[in-house]
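>>> Model the structure of this input:
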Amino acid sequence: MEASLGPLLPLYQRERAAGRAMALGVLVHTLGSTYRKPGALILIASDGQYAGLIAGGCLEGDLREHGRAVIAGGAARTVRYDTRTADDLLWGLGLGCEGAMQIVLLRADASNGWQPLAHLARSLDAHEPSAIGVIAESSDPSVPLGTVVLPLDDAASSPYAPALATAAVQELLRKVAAQGETAWLERPGWRLFALPLSLPPRILLLGAGPDALPVVDLATRLDWKVTLVDHRESYAMRGNFPDAERVLLARPETLPAILDLAAFRAAVVMSHHLPSDLAYLRVLARSPAIGYVGLLGPAVRRARLLADLGAEAEGLKGRLRAPVGLTLGGRSPESIALAIVAQLHAFLHSVED
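Take a look at the predicted model:
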């Protein structure tokens, strides 16, 4: 799944506040080796600034000019790049990427309710799964290229042709949102590309000491949402972690009452306080929905904590990474944070050894 909206939000919010139209690029098809896969998004402003990458910066300059033309003219367009042959030199870039891409550029402005950006932004803010559809190919004048299809609860804000107002189209959006995978729907005269909204994973850091700061920094760069919890008032300070989603002052045993633990993909215990770490692990042992539990500290500390947990330690079996992090070398807080985030990244993308 590729449709990540987070990197586009600052530009979207700036341009919408100014009332300026934008061009949204949707990568709908790829062949061979490409930097991104179908569902990837790029947002282009009228001044040429863009957010999101389709080709790692290689083709964005050319795509930006197409986007500005869409903003100026209003009509959607398809842009294709093929770097699989010697014709790659046609672009004057010589990329040698051996891939091809098809991108649909469409205009979003006040006249169409800023769709589909407005819908995706609302869903992201609510952290609710969703999907949208875009007409990627059409020979039917009633269903023009770039037509946006939204879920039924938001469809009124973006009216579209009767041919798209069908149960089959809505079922496709529901399926794509639930499965998190792109899909196509083909009918005589048009093809609809459906893409899911990529919801950022929520990570729970249990311990808000100074060494948590680089973890939050790296996680934020990956568009993850981090909640920090600490029982110490001098540590659980919002000002210390401006990029965190939440910073809470709470005792470990109160976590089930104040947080929906099932909403978190992973938790890392790093309070440097043995009794608190024990209490955190006890709560996490009883929260099987959290698939990754990391514990900071050496193996001897892990052994002591698991011994103190007793029979409850069985609840962490298969989920506990202790010592947390990949073996990358380095002992600085930044190196340790990199090791933790790297292991978390591998877990979230199901590529752990």
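>>> Verify the contact between residue 79 and residue 103 for me.
Yes. Taking contacts as C-beta atoms under 8 Å, residue 79 lies within contact range of residue 103: 4.8 Å. For every residue, glycine as well, the C-beta is placed using N, CA and C.
>>> Looking at those two, which one has more neighbours?
Between residue 79 and residue 103, residue 103 has the larger neighbour count (other C-beta atoms under 10 Å), namely 25 against 18.
>>> what lines up beside the one helix or strand the more buried one maps to in the sheet?
Taking DSSP states H and E as the criterion, residue 103 maps to strand 99-108. For strand 99-108, the paired strands and their directions (DSSP bridges) are strand 22-32 (antiparallel), strand 77-82 (antiparallel).
>>> The stretch 251-353 of the chain: strands as residue ranges?
266-269, 292-295, 320-321 (DSSP state E, counting those that start in this stretch).
>>> Need the ones you listed in TSV (columns: distance to residue 59 and mean neighbour count).
Listed next are those as TSV, based on distance: least, C-beta to C-beta, whole Å; neighbours: other C-beta atoms under 10 Å:
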stretch	distance to residue 59	mean neighbour count
strand 266-269	34	26
strand 292-295	36	24
strand 320-321	39	20
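>>> Buried ones in stretch 236-247, by neighbour count?
Buried residues in stretch 236-247, counted by 16 or more other C-beta atoms under 10 Å: 236, 240, 241, 244, 245, 247.
>>> was I right about residue 315 contacting residue 288?
Yes. If you go by C-beta under 8 Å, residue 315 and residue 288 touch, sitting 6.9 Å apart.
>>> And the strands of the stretch 251-353 of the chain: which comes nearest residue 117?
Residue 117 sits nearest to strand 266-269 of all the strands of the stretch 251-353 of the chain, at 29.0 Å, using C-beta to C-beta.
>>> The closest one - contacts with which helices or strands?
strand 202-206, helix 274-285, strand 292-295, helix 333-348 (3 or more C-beta pairs under 8 Å, 6 or more residues apart in numbering; DSSP states H and E).
>>> Please repeat the previous calculation with a cut-off of 10 Å.
Secondary-structure packing of strand 266-269 (3 or more C-beta pairs under 10 Å, 6 or more residues apart in numbering; DSSP states H and E): strand 202-206, helix 212-221, strand 225-230, helix 274-285, strand 292-295, strand 320-321, helix 333-348.
>>> burial measure for the residue nearest to residue 329 when sequence neighbours are not counted, as a count.
Leaving out its chain neighbours, the residue that sits closest to residue 329 by C-beta to C-beta, 6 or more residues apart in numbering is residue 335, at 7.1 Å. When neighbours are counted by other C-beta under 10 Å, residue 335 registers 14.
>>> And residue 288, by the same measure?
Counted with other C-beta under 10 Å, residue 288 comes out at 13.
>>> what's residue 336 in contact with, if anything?
Contact analysis of residue 336 by C-beta atoms under 10 Å, 6 or more residues apart in numbering lists 211, 214, 215, 270, 296, 323, 324, 325, 328, 330.
>>> isn't the fifth one right next to residue 343, touching?
No. Here residue 296 lies out of contact with residue 343, judged by C-beta atoms under 10 Å, at a distance of 11.8 Å.
>>> Could you list the low-pLDDT ranges of this structure?
1-3, 85-97, 154-160, 353 (pLDDT under 70).
>>> now the helices for this structure?
9-17, 60-73, 117-126, 167-179, 212-221, 255-258, 274-285, 299-309, 333-348 (DSSP state H).
>>> correct me, but the residue nearest to residue 329 touches residue 328?
Yes. At 6.8 Å, residue 335 counts as touching residue 328 under the criterion of C-beta under 10 Å.
>>> Redo the helices and strands packed on strand 266-269 as CSV? Include distance to residue 185.
Converted to CSV, the helices and strands packed on strand 266-269 look like this (distance: least, C-beta to C-beta, whole Å):
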stretch, distance to residue 185
strand 202-206, 31
helix 212-221, 35
strand 225-230, 32
helix 274-285, 42
strand 292-295, 35
strand 320-321, 41
helix 333-348, 29
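>>> between those, which gets nearest to residue 305?
Closest among the helices and strands packed on strand 266-269, using C-beta to C-beta: helix 274-285, at 5.6 Å.
>>> for the closest one, packing partners?
Short answer (3+ C-beta pairs under 10 Å, 6+ apart): helix 274-285 packs on strand 202-206, strand 225-230, helix 255-258, strand 266-269, strand 292-295, helix 299-309, strand 320-321.
>>> Ok, which of those comes nearest residue 347?
Nearest of these (C-beta to C-beta): strand 292-295, 4.8 Å.
>>> Measure how far that closest one is from the centre of its chain, please.
21 Å (C-alpha atoms, centre = their mean, to the nearest Å).
>>> Which other helices and strands does it contact?
By 3+ C-beta pairs under 10 Å, 6+ apart, strand 292-295 packs against strand 202-206, strand 266-269, helix 274-285, helix 299-309, strand 320-321, helix 333-348.
>>> pretty sure residue 149 is touching residue 171, no?
No. Shown here, residue 149 and residue 171 do not form a contact pair, counting by C-beta under 10 Å, at 11.9 Å.
>>> Mutual contacts of those two, please.
Common neighbours of residue 149 and residue 171 (C-beta under 10 Å, 6+ apart) are residue 185.
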